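Asks: Structure for the following, please:
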Amino acid sequence: MRSTGHKTKSKTGATHFQSLQKGFSLLEMAIVLVVLGLILGGVLLPLSTQMEKQDRDETQRTLEEIQEALIGYTMTNGRLPCPDTNGDGIMDMLTTCTNNQGTIPWVDLGTGKADAWGQLFTYRVTGNFADTTDGTGCGTPTAGVSFELCSTADINILDASAGNPVASQIPAIIISHGKNWATTTSANESENTDTDTTFVDRLYSNNTAAPFDDQVIWISPNVLKARLVSAGRLP
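Replies: Numbering: from 1, shown residues only. I've put the predicted structure just below:
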């Protein structure tokens, strides 16, 4: 009987110990999962940020390539190209550039056509800097050049919708509408999707209340004219 009692006690003690062991294992597992969640959260967020930075850097390089190509095109042809309005990569115009806003004529320029998110670049140009008529009426026209040293462009860039000027009298501007181009509700970004001559360029912001991830680059009228003077296309 003693032997049986001893065995019962031993069995009960072992069962209690095993139960404690199992309980500690579940607790430890929960702690490990929490720690792993924190670690993964800390790793994945910077990874997402890094990937977006890579996309923005790639897009910026393409924008700068397009900017140089536009200047090169103007030095060769005496005018800026008109926009592409039907998506085939070829500018659309007759003798005048009546459709001043569209997408980059990447076939004519020999550049990339889209940003890192697959969206075509928006391109706006001042019409009398892109037509086939010599000069703009402000002075003596130069043969084969669409504008003159005294010509004034019509594109203006602000630091916010109804904000302060960043640049004025710009002949051409190129825009990537960023990662959120299909869903944006930002007033500042909306200014870059209408068809007027006012645009916004400001610092990147992922604030959900006022996001701004557009990337904007433009052609300076002074640089453009100076390049044509240096090339002997303007007096």
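
Asks: Residue 99: what's it in contact with?
Replies: By CB atoms under 8 Å, 6 or more residues apart in numbering, the contact list for residue 99 reads 82-83, 85, 92-93. In this view, the C-beta of every residue, glycine as well, is placed from N, C-alpha and C.

Asks: Next, give phi and psi for residue 200.
Replies: Geometry field for residue 200 lists phi and psi as phi -120, psi 140, criterion degrees, to the nearest 10.

Asks: do the same with residue 219
Replies: Phi and psi for residue 219, reported as degrees, to the nearest 10, are phi -100, psi 120.

Asks: can you check the one 3 residues further on too?
Replies: Backbone dihedrals for residue 222, given as degrees, to the nearest 10, come out at phi -70, psi -40.

Asks: re the thing from before, got the contacts of residue 99 as JSON lines, with distance to residue 165, pLDDT and secondary structure columns?
Replies: As requested, the contacts of residue 99 are arranged in JSON lines below (distance: CB to CB, whole Å; pLDDT from 0 to 100; DSSP: H, G, I helix; E, B strand; the rest coil):
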{"residue": "82", "distance to residue 165": "26", "pLDDT": "97", "secondary structure": "coil"}
{"residue": "83", "distance to residue 165": "24", "pLDDT": "97", "secondary structure": "coil"}
{"residue": "85", "distance to residue 165": "28", "pLDDT": "95", "secondary structure": "coil"}
{"residue": "92", "distance to residue 165": "30", "pLDDT": "94", "secondary structure": "coil"}
{"residue": "93", "distance to residue 165": "29", "pLDDT": "90", "secondary structure": "coil"}
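
Asks: can you tell me which residues contact residue 53?
Replies: With contact taken as CB under 8 Å, 6+ apart, residue 53 is in contact with no other residue.

Asks: doesn't residue 36 fall inside a strand?
Replies: No - the assignment for residue 36 (DSSP: H, G, I helix; E, B strand; the rest coil) gives helix, which keeps it out of a strand.

Asks: returning to what we had before: among the contacts of residue 99, which one sits closest to residue 193?
Replies: When the contacts of residue 99 are ranked by distance to residue 193 (CB to CB), residue 83 comes first, at 14.3 Å.

Asks: does the residue lying closest to that closest one once chain neighbours are set aside count as helix, strand or coil?
Replies: The spatially closest residue to residue 83, leaving aside those adjacent along the chain, is residue 102, at 3.0 Å (CB to CB, 6 or more residues apart in numbering). With three-state DSSP as the basis, the three-state label of residue 102 is strand.

Asks: residues near residue 102, how many?
Replies: Residues contacting residue 102 under the criterion other CB atoms under 10 Å number 21.

Asks: residue contacts, it?
Replies: Neighbour list for residue 102: 82-85, 92, 122-123 [criterion: CB under 8 Å, 6+ apart].

Asks: dump the residue contacts of residue 230.
Replies: The neighbours of residue 230, taking CB under 8 Å, 6+ apart as the test, come to nothing; the list is empty.

Asks: Let me know the pLDDT of it.
Replies: Confidence at residue 230, expressed as pLDDT, is 95.

Asks: For it, give its distance to residue 30.
Replies: With distances taken as CB to CB, to the nearest Å, residue 230 is found 71 Å from residue 30.
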